[in-house]
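Engineer: Just the structure for this:
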Amino acid sequence: MNGDRREREALILDRLGRDGQVYVADLAKEFDVSEVTVRNTLRHLESRGLLMRTRGGARPSSIQHVLERRGENAEAKERIAQAAAGLVRDGDTIMIEAGTTTSLLPRFLTGRRNIKIVTNSTLVLNQARVNPELHIIVTGGSFHRKSESLVGSGAIRSIRDYNVRLAFVGTDGFSRDGLTTEFAEGADIITAMHEAATETWLLTDSSKYGRAGFVNVLGLSELTGIITDTDLPEGAVDEVSEHADVRAV
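Structural biologist: Presented below is the predicted three-dimensional model:
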């Protein structure tokens, strides 16, 4: 019995890592068990901090390390980052906030010249450091291991020292009500970058739509635009487009 439960748990975590979401009804059919059994398994995994239950299913835990989340919806994230890079011009000044999608952006800036990047992300630093045309300024602050980012008052002060044309930010969830995050200090970083930039662009894959994190960050009308993938739910593009420019790639 315990062996069966451990096998179910391992398979559920594998599905979450691959798909970013699981559903009780689907798991019950796959495992040939009752939905009550599946819910009990999800409850046990949630108590260990390995996932977060949602209505009808579960999603990855908000404390999952950013490197573990990087493989989720990888192709969509690369398309989004590439589209975002298309907004960057030679000689530009930009800010890149920490996140799985935003951290891919420097990879697609090959060929651009004399780009100044302000970032709080160690992943962005690692991507950008190999390109001599990318001049990197890393904020101060305290290191937040789960997000591979620098946060806190030191990071905020660093961001406020600069004015840039573009800010690229991520989110843990978004809807017509705006952006949210599970991480309060991360919300402060996004707000500071937004205030320092002429344009703010949200880079997010469609799996984040409809999720609500603990902390409200920005309203959609405060964004210049959203770059996402083509798998947004039916009607979501029209709903979000009422407030911001939406580019689905």
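Engineer: Could you break the protein into its assigned domains?
Structural biologist: Using automatic domain parsing, the domain ranges for the chain come out as 2-61, 69-248.
Engineer: Need the winner for burial among the ones you listed.
Structural biologist: Greatest average neighbour count among the domains of the chain goes to domain 69-248 (a mean of 19), per mean count of other C-beta atoms under 10 Å. (C-beta placed from N, C-alpha, C; glycine too.)
Engineer: May I see the domains of the chain organised as TSV, with mean pLDDT added?
Structural biologist: Shown next, in TSV, are the domains of the chain (pLDDT from 0 to 100):
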stretch	mean pLDDT
domain 2-61	85
domain 69-248	93
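Engineer: Quick check: what element follows the longest helix anywhere in the chain along the chain?
Structural biologist: As assigned by DSSP state H, the longest helix anywhere in the chain is helix 2-19. Once the chain leaves helix 2-19, the next helix or strand it forms, by DSSP states H and E, is strand 22-23.
Engineer: partners of that following strand in the sheet?
Structural biologist: Using DSSP bridges, strand 22-23 pairs in its sheet with strand 57-60 (antiparallel).
Engineer: Off-centre distance for the strand it pairs with?
Structural biologist: Centroid displacement of strand 57-60 relative to its chain, using C-alpha atoms, centre = their mean, to the nearest Å, is 16 Å.
Engineer: Next: stretch 187-199.
Structural biologist: With C-alpha atoms, centre = their mean, you get 16 Å for stretch 187-199.
Engineer: got a list of what M95 touches?
Structural biologist: Contact analysis of M95 by C-beta atoms under 8 Å, 6 or more residues apart in numbering lists I117, V118, T119, I159, Y162, V164, L166, A167, F168, M193, A196, A197.
Engineer: and the helix or strand encompassing it, which strands flank it?
Structural biologist: If you go by DSSP H and E, M95 is part of strand 93-96. Sheet pairing for strand 93-96, assigned by DSSP bridges, gives strand 115-119 (parallel), strand 164-169 (parallel).
Engineer: Please enumerate residues in contact with the longest one?
Structural biologist: I take that to be strand 164-169. Here strand 164-169 makes contact (C-beta under 8 Å, 6+ apart) with 84, 87-88, 92-97, 99, 102, 105, 116, 118, 179, 190, 193-194, 196-203.
Engineer: centre of the chain versus that strand, how much separation?
Structural biologist: 16 Å.
Engineer: now the shortest one
Structural biologist: For strand 115-119, the gap between its own C-alpha mean and the chain's C-alpha mean amounts to 19 Å (C-alpha atoms, centre = their mean).
Engineer: change the start of the numbering to 35 and stick with it
Structural biologist: Will do, 35 is the new start, and the previous item becomes strand 149-153.
Engineer: Give the next helix or strand downstream of that strand.
Structural biologist: Following strand 149-153 in sequence, per DSSP H and E, is helix 156-162.
Engineer: Compute the inter-axis angle for the helix or strand following that following helix and strand 149-153.
Structural biologist: For helix 156-162, the succeeding helix or strand toward the C-terminus, using DSSP H and E, is strand 168-172. Orientation check (axes from the mean of the first three to the mean of the last three C-alpha atoms, to 10 degrees): strand 168-172 against strand 149-153 gives 20 degrees.
Engineer: who does strand 168-172 touch, helix- and strand-wise?
Structural biologist: Applying 3 or more C-beta pairs under 8 Å, 6 or more residues apart in numbering; DSSP states H and E, one finds that strand 168-172 makes contact with strand 149-153, helix 156-162.
Engineer: Make CSV from the strands paired with strand 127-130 and add distance to L79 to it.
Structural biologist: As requested, the strands paired with strand 127-130 are exported to CSV (distance: least, C-beta to C-beta, whole Å):
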stretch, distance to L79
strand 149-153, 33
strand 198-203, 30
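Engineer: Can you say which of those is nearest to E109?
Structural biologist: Proximity to E109 (C-beta to C-beta) singles out strand 198-203 among the strands paired with strand 127-130, at 18.9 Å.
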